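Chemist: Provided below are the primary sequence and the corresponding predicted coordinates.
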Amino acid sequence: MPKEVASLEHYKGETLFGHPEGTIAKSVLDRLRAVDQELSAKDYETLVVLNPSDGSERTRKKGETDEVKIDEETAARMRGSIMIHNHPRGTAPSLEDFMISLENRVLESHVYHSGGRYIMRFNPDMDVHAREVLRSAAQIAYSESKPIVDRKFLAGELGDHEAWHELMSRSWERTAEYVPELFTYTVESK
Ligand SMILES: [Zn+2]
């Protein structure tokens, strides 16, 4: 782990699980910032998989407006990575984003959009059992959030996209409350 300490306002205080605060390589932060700038301006989804120790790109994949299809080769490169993709509509990470990240043992999953980003962090020391606990926590959080959001949607308080966004936001916040030692969820605005 490089010792160079970066202090960039946008990424201040950023930590990777298992790495002390302030010791993320400057090359990683620079790369994150460049990818952020690039992806948050796009109107279609793109997936970028970064090596967390030096910020180098393991692979990238161009997708459609609402999705990027993940093939086996791409999935294989995700293990232990920082996985980044964008949501042009600005919505929070989807259930599928979470599941793909968890299954492929991603360290951090970032979703960028023009107004900021969402970060899901996964404890890298999780074994099969811990991953199952986290998966269950997410499913419970989602099931609990769904009727609350559905009521607001049916009452006309939320539109389609707002409802979807609120459902996912609530789900990840709640998951992080249930198992904070396994998962954290951060929302950053620009
Ligand atoms: Zn997504």
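Modeler: Yes, it's here. Numbering: from 1, shown residues only.
Chemist: Could you pull up the residues touching the residue in the chain that the ion sits nearest to?
Modeler: Scanning the chain for the residue nearest the ion gives residue 97, at 4.1 Å (criterion: CB to the ion). Just so you know, the C-beta spots here come from the backbone N, C-alpha and C atoms, and that holds for glycine as well. Residue 97 makes contact with 85, 109, 111, 120 under the criterion CB atoms under 8 Å, 6 or more residues apart in numbering.
Chemist: Residue 93 versus the last one, what's the distance?
Modeler: In other words, residue 120. 6 Å (CB to CB, to the nearest Å).
Chemist: what do the two both touch?
Modeler: In contact with both residue 120 and residue 93: 109, 172, using CB under 8 Å, 6+ apart.
Chemist: Quick check: buried residues in whatever helix or strand residue 59 lives in?
Modeler: Here residue 59 sits within strand 57-62, counting by DSSP states H and E. For strand 57-62, a neighbour-count test (16 or more other CB atoms under 10 Å) marks 58, 60, 61 as buried.
Chemist: That one close to the ion?
Modeler: No. Strand 57-62 lies apart from the ion when judged by CB under 5 Å from the ion; the minimum separation is 12.3 Å.
Chemist: buried stuff in the helix or strand just after that strand?
Modeler: Scanning forward in sequence from strand 57-62 by DSSP H and E, the next helix or strand is helix 72-76. Across helix 72-76, burial judged by 16+ other CB under 10 Å covers residue 74.
Chemist: Just the CA trace of helix 72-76, in CSV.
Modeler: This file holds the C-alpha atoms of helix 72-76, laid out as CSV (Å, rounded to 0.1, in the frame of the first residue of the first chain):
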residue,chain,number,x,y,z
GLU,A,72,-18.1,-13.9,-17.3
GLU,A,73,-14.8,-12.3,-18.2
THR,A,74,-15.8,-8.9,-16.8
ALA,A,75,-17.1,-10.6,-13.6
ALA,A,76,-13.8,-12.4,-13.1
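Chemist: where's the one helix or strand residue 143 maps to relative to the chain centroid, distance-wise?
Modeler: Using DSSP H and E, residue 143 falls within helix 128-154. Its chain's C-alpha centre and that of helix 128-154 lie 16 Å apart, by CA atoms, centre = their mean, to the nearest Å.
Chemist: residues of stretch 32-52 that come out buried?
Modeler: Here stretch 32-52 shows 32, 35-36, 39-40, 42, 45-52 as buried, counting by 16+ other CB under 10 Å.
Chemist: Who has more neighbours out of residue 120 and residue 93?
Modeler: residue 120 (25 against 22; other CB atoms under 10 Å).
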